[in-house]
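A.B. asks: okay, predicted coordinates and the sequence, questions at the end:
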Amino acid sequence: MRFLRLFIIYLRIGLLYELQYRANFWIQLGKSIMNLVVALAGVAVIYEHTTNLNGWVPAELVALLGIFVLMTGVLGVVVRPSMEKLIEDVRDGTLDFTLTKPEDAQVLVSVSQVRVWQLIDVILGPIVSIAALLHLERQVDLQQMGIFAITLLAGTAILYSFWLILATISFWFIRIENIFMIFHSLYDAARWPVTIYPGWLQAALTFLVPVTFAVTVPAEALIGRLTHDYLMLTIGLAVALLVISRLFWRIGLRQYAGASA
């Protein structure tokens with residue numbers, strides 16, 4: 001509840017800041033729609049040559065695309081900007097201002113930046129997935145929705161933990177932007193089902209950069225093809241990464257000297 005309260009406070013601050021530049025809303029809306037159209041066009045081109053992509057029919061792939069857009073929006077709203085600000089604060093020594101506040105420092109740096117207009121993707125993603133489910137004419141019961149919600153939360157926790165681990169590396173190394181570029185390249189691969197890739201890339205997207213659990217697993221839960229083993233693995237990985245990222249953060253924090261050192 002404290003985390004949610006702080007997020008709401010920073011969300012209000014972000015909204016007040018963004019309202020100074022309202023044209024950004026239309027720019028972000030146009031960008032999000034264009035990206036979605038291009039992605040849907042890619043799906044259409046593929047299914048002109050096949051009716052089945054390793055077990056995925058067109059509407060199922062569109063549902064997965066909706067989850068990808070949703071998770072991209074979640075990253076863009078708070079996770080990515082907050083972690084980028086953390087790196088900048090460590091480099092400049094301005095993290096001191098956060099560490100002297102009474103709230104837990106990890107919580108503060110995790111919600112320090114909120115880009116309100118990225119919520120457009122958070123809204124567009126579910127709309128796309130719902131439209132795909134309607135086209136499939138599949139009924140989603142309460143149990144299935146509950147499993148979907150659990151996998152979505154677990155996927156968000158996995159992505160957040162992974163970003164925090166990457167950002168914490170800045171306590172040892174000054175420039176780590178190239179690591180983020182590699183992550184973005186691998187994350188873009190999550191717009192397609194991980195099962196279509198060769199084995200080595202599946203392993204990389206599952207365990208090295210665990211984007212599979214953030215996109216493919218929730219999509220499988222939504223369309224009713226997620227196995228119990230994968231559900232348990234996703235939950236277990238989310239818990240493990242939250243613990244590991246917390247420990248890594250505490251270790252990294254000991255390396256921080258600050259601007260006043």
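C.D. replies: Structure received. From a predicted model like this one, the values you see are computed outputs, not experimental measurements.

A.B. asks: please count neighbours and contacts with C-alpha atoms only from this point.
C.D. replies: Fine.

A.B. asks: and whichever strand or helix holds Ala167, what does it pack against?
C.D. replies: Assigned by DSSP states H and E, Ala167 belongs to helix 142-168. Applying 3 or more CA pairs under 8 Å, 6 or more residues apart in numbering; DSSP states H and E, one finds that helix 142-168 contacts helix 80-92, helix 216-223, helix 228-253.

A.B. asks: so for that helix, what's the average pLDDT?
C.D. replies: Mean pLDDT, helix 142-168: 91.

A.B. asks: and that helix, what's buried?
C.D. replies: 144, 147-148, 150-152, 154-168 (16 or more other CA atoms under 10 Å).

A.B. asks: mind checking how far that helix is from the chain centre?
C.D. replies: Remark: helix 142-168 is offset 8 Å from the chain centroid, using CA atoms, centre = their mean, to the nearest Å.

A.B. asks: now it against helix 80-92, angle please.
C.D. replies: 20 degrees (axes from the mean of the first three to the mean of the last three CA atoms, to 10 degrees).

A.B. asks: immediately after helix 142-168, which helix or strand?
C.D. replies: Next along from helix 142-168, by DSSP H and E: helix 177-188.

A.B. asks: report the inter-axis angle for that following helix versus helix 80-92.
C.D. replies: 170 degrees.

A.B. asks: immediately after helix 177-188, which helix or strand?
C.D. replies: helix 199-203.

A.B. asks: list the buried residues for that next one?
C.D. replies: 201-202.

A.B. asks: for stretch 91-111, same thing?
C.D. replies: 91, 93, 95-96, 98-99, 105-106, 108-111.

A.B. asks: what mean pLDDT does it have?
C.D. replies: Stretch 91-111 shows a mean pLDDT of 84.

A.B. asks: same thing with stretch 77-87?
C.D. replies: What stretch 77-87 shows for mean pLDDT is 88.

A.B. asks: other residues contacting it?
C.D. replies: For stretch 77-87, the external contacting residues (CA atoms under 8 Å, 6 or more residues apart in numbering) are 95, 109-119, 160, 163-164, 167-168, 170.

A.B. asks: next one: stretch 135-155
C.D. replies: Stretch 135-155 is contacted by residues 59-60, 211, 213-215, 217-219, 221-224, 231, 234-235, 238 when judged by CA under 8 Å, 6+ apart.

A.B. asks: can you flag the buried ones in the residues you listed?
C.D. replies: 59-60, 211, 213-215, 217-219, 221-224, 231, 234-235, 238.

A.B. asks: what distance separates the start and the end of stretch 176-196?
C.D. replies: With CA to CA, to the nearest Å applied, stretch 176-196 spans 30 Å between its terminal residues.

A.B. asks: list the buried residues for that stretch?
C.D. replies: In stretch 176-196, counting by 16+ other CA under 10 Å, buried: 183, 186-187, 189-194.

A.B. asks: and those residues as a markdown table, adding pLDDT and distance to Arg5?
C.D. replies: Shown next, in a markdown table, are the buried residues of stretch 176-196 (pLDDT from 0 to 100; distance: CA to CA, whole Å):
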| residue | pLDDT | distance to Arg5 |
| --- | --- | --- |
| Phe183 | 77 | 30 |
| Leu186 | 77 | 33 |
| Tyr187 | 83 | 29 |
| Ala189 | 81 | 34 |
| Ala190 | 82 | 31 |
| Arg191 | 83 | 32 |
| Trp192 | 85 | 35 |
| Pro193 | 85 | 35 |
| Val194 | 84 | 36 |
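
A.B. asks: would you mind giving those residues as a markdown table with distance to Ile127 added?
C.D. replies: A markdown table is the format used below for the buried residues of stretch 176-196 (distance: CA to CA, whole Å):
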| residue | distance to Ile127 |
| --- | --- |
| Phe183 | 26 |
| Leu186 | 25 |
| Tyr187 | 21 |
| Ala189 | 21 |
| Ala190 | 19 |
| Arg191 | 16 |
| Trp192 | 18 |
| Pro193 | 19 |
| Val194 | 22 |
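
A.B. asks: farthest-separated two in these?
C.D. replies: The most widely separated members of these are Phe183 and Pro193, with 17.3 Å between them, by CA to CA.
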